[in-house]
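# Here is the input, now give the coordinates:
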Amino acid sequence: MKILEGDFTATNARVALVATRFNDFIVDRLVSGARDALVRHGVAEEALTLVRVPGAWELPVVAHQLAASKDYDAIVALGCVIRGGTPHFEYVAGECAKGLGQVAAQTGVPVAFGVLTTDTIEQAIERAGTKAGNKGAEAALSALEMISLLRHL
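Alright, predicted model coming up:
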C-alpha cells in the first residue's frame, strides 16, 4: 500500500496570514505563534504576508482573493470569536468556517483554520499561547503539512 503524507519541510513556501483586528489582544498572539512556527520550520520571513481584516466575517472573502492570486501556497486564517448572549456568535463563527472551507475547496489552496471559537475570554487566552498551546502555531504547521502533501500528489 502506498501512503502519502506531508511534512514540515516546505521551506520555499509562500504563506499569507489573514488576521482579524477584532479581539486583537488575542489574535496578535495567534499571529506571533503562526509566524514563529513558520520561520522555525524554515519559511523565509520575506515569504510571509500579513493581511488584516476587520473581523471573522471578512476572512473568507480576503482568503479567496489571496488564493485566487496564485501568489501563495497556503493561507492561515486567524481570528477569535467569543460567545456572547445573542445568536451573533453562531452566525459569525459558522459562516466564517464554512466560507474558509469553500475557499480551499474551490481554489485548491490550503486554508488553515486558526479561528478560535470560545465561550469565554479565558478560554481564548488559554488557546493563544498559555495552557492550551498556541492555535495560531498549530494552524501554521497544518498549512505547511498541506503544502508538502499537495506537492507529493
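
# ranges for the strands of the protein?
Here the chain has its strands, by DSSP state E, at 15-20, 48-53, 74-82, 111-118.

# Can you tell me what sits against the last one?
Contact partners of strand 111-118, identified using CB atoms under 8 Å, 6 or more residues apart in numbering, comprise 26, 30, 34, 56, 59, 63, 67, 74-83, 89, 93, 96-97, 100-101, 103-104, 123-124, 127-128, 135-136, 138-140, 142-143, 146. All C-beta spots, glycine's among them, are computed from the backbone N, C-alpha and C.

# And it, how far out from the chain middle?
Strand 111-118 has its C-alpha centroid displaced from the chain centroid by 6 Å (CA atoms, centre = their mean, to the nearest Å).

# Output that strand as CSV, nothing but the C-alphas.
Taking C-alpha atoms only, strand 111-118 is exported to CSV below (Å, rounded to 0.1, in the frame of the first residue of the first chain):
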residue,chain,number,x,y,z
VAL,A,111,-6.7,27.4,4.1
ALA,A,112,-5.7,26.5,7.7
PHE,A,113,-8.4,27.3,10.3
GLY,A,114,-6.8,29.2,13.2
VAL,A,115,-10.0,31.0,14.3
LEU,A,116,-10.8,30.5,17.9
THR,A,117,-14.4,29.9,18.8
THR,A,118,-14.7,30.0,22.5
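
# Perfect, that will be all.
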